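> what follows is a protein structure lacking sequence information:
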């Protein structure tokens with residue numbers, strides 16, 4: 001066995017070198033992808049946390065570009081569900097909004113809104 005290793009030491013050395021390159025490259029790519037995901041999730045998560053604390057019809061949503069960047073980094077099986085929750089959130093916000101005598105807009109039932117926001121937040125955990 002030792003003779004076989006001695007004779008093929010260069011081949012074994014090259015194989016382990018290339019294996020190390022491939023593994024190192026994959027780890028670096030995953031690290032970069034995680035870093036990009038965390039950068040894109042930040043504005044979405046901040047908005048959702050503010051809405052969870054105090055739902056307000058006056059608070060601006062993240063831009064369409066920010067939302068698209070975040071959704072792009074979600075796994076395929078989570079994208080549709082997250083988008084469905086966002087659509088449900090918009091519908092519930094529209095249904096629960098009312099205007100008082102002074103002309104201010106409020107939400108009648110904030111608990112429904114907070115329930116959907118909690119579901120959306122489960123998709124925005126940092127990696």
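Here it is on my side, so go on. Fair warning: this is a prediction, and the values are worked out from it, not measured in the lab.

> spit out the contact partners of residue 98.
Neighbouring residues of residue 98 by Cβ atoms under 8 Å, 6 or more residues apart in numbering: 105-108. Any C-beta I mention is one placed from the backbone N, CA and C, and that applies to glycine too.

> repeat that for 10 Å
57, 104-108 (Cβ atoms under 10 Å, 6 or more residues apart in numbering).

> pLDDT weak spots in this structure?
The model of the chain has pLDDT under 70 over residues 1-2, 4-5.

> show me where it has strands.
Remark: strands assigned in the chain by DSSP state E are 97-99, 105-107.

> for residue 118, find the nearest of those strands.
Residue 118 lies closest, by Cβ to Cβ, to one member of the strands of the chain: strand 105-107, at 15.6 Å.

> starting at the chain centroid, how far to the closest one?
28 Å (Cα atoms, centre = their mean, to the nearest Å).

> run me through the strand neighbours of that strand, direction for each.
strand 97-99 (antiparallel) (DSSP bridges).

> pull the most distant pair out of the contacts of residue 98.
104 and 108 (12.9 Å).

> one step back: and the strands of the chain, which is most packed in?
strand 105-107 (a mean of 14; mean count of other Cβ atoms under 10 Å).

> figure out which of the strands of the chain is closest to residue 47.
Nearest of those to residue 47, taken as Cβ to Cβ: strand 105-107 at 15.7 Å.

> contact partners for the closest residue to residue 92 other than its chain neighbours?
Among residues not flanking residue 92 along the chain, residue 112 sits closest, at 5.1 Å (Cβ to Cβ, 6 or more residues apart in numbering). By Cβ under 10 Å, 6+ apart, the contact list for residue 112 reads 55, 88-89, 92-93, 95-96.
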